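Novice: got a predicted structure plus its sequence, pasted below:
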Amino acid sequence: MQVHREREAFGKLGVQAVVVGHSNPRYAKAFVEETKIELPVYVDEKRVVYKALEFKRPLLAFLTPKVFKRAAEARKEGFSQPGVWGDAFQLGGVVLLMPDGSMPYRYSSQFPGDHPKIEDLKAEVKKALA
């Protein structure tokens, strides 16, 4: 949701952020309605993109204290997850995909709630566009 909040800043950098989920269109629609997200949302029901990017699906990733710490931080920032749709064990990440197909930046989450710092992501975008 940080990227959603910073969508205008990314837009000024010439970047369009999108969300790719792994549930189905019905749940994606509910996600958009509940979160009021204003980014394009796509569905990858078979997790083809997740597999191609080698995003992890560790069953024990939920047992690390980092998950609870990150959840508390997110709540403090005003974000609460309305639910889990699709594969609850599938972790995501952030990818900067260029028009030529190159991928100068890839961040693979190690546990639920693991995301790159927004300022680091902006710096990577600026570096890729330089």
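Specialist: Ah, there it is. This structure is a prediction, so every number in the text was calculated from the model and none was measured.
Novice: burial check on the nearest residue to Lys56 once chain neighbours are set aside, number of neighbours?
Specialist: Take Lys56 and drop its neighbours on the chain: the residue closest to it by CB to CB, 6 or more residues apart in numbering is Leu91, 4.8 Å away. (Each C-beta comes from the backbone N, C-alpha and C, glycine too.) Look at Leu91: counted by other CB atoms under 10 Å, it has 18 neighbours.
Novice: which element is Leu91 on?
Specialist: Counting by DSSP states H and E, no helix or strand carries Leu91.
Novice: residue contacts, it?
Specialist: Contacts for Leu91 (CB atoms under 8 Å, 6 or more residues apart in numbering) come out as 55-58, 61, 108-112, 114.
Novice: by mean pLDDT, which helix or strand of this protein comes out lowest?
Specialist: helix 65-76 (a mean of 70; mean pLDDT, DSSP states H and E).
Novice: need the next SSE after it, C-terminal direction.
Specialist: strand 93-96.
Novice: partner strands of that following strand, parallel or antiparallel?
Specialist: Its sheet considered, strand 93-96 pairs with strand 105-108 (antiparallel) by DSSP bridges.
Novice: hmm, who's touching the helix or strand following the partner strand?
Specialist: Counting by DSSP H and E, the next helix or strand C-terminal to strand 105-108 is helix 118-129. The contact list for helix 118-129, computed with CB under 8 Å, 6+ apart, reads 2-3, 6, 9-10, 13-15, 94, 96, 98, 104-105, 107, 116.
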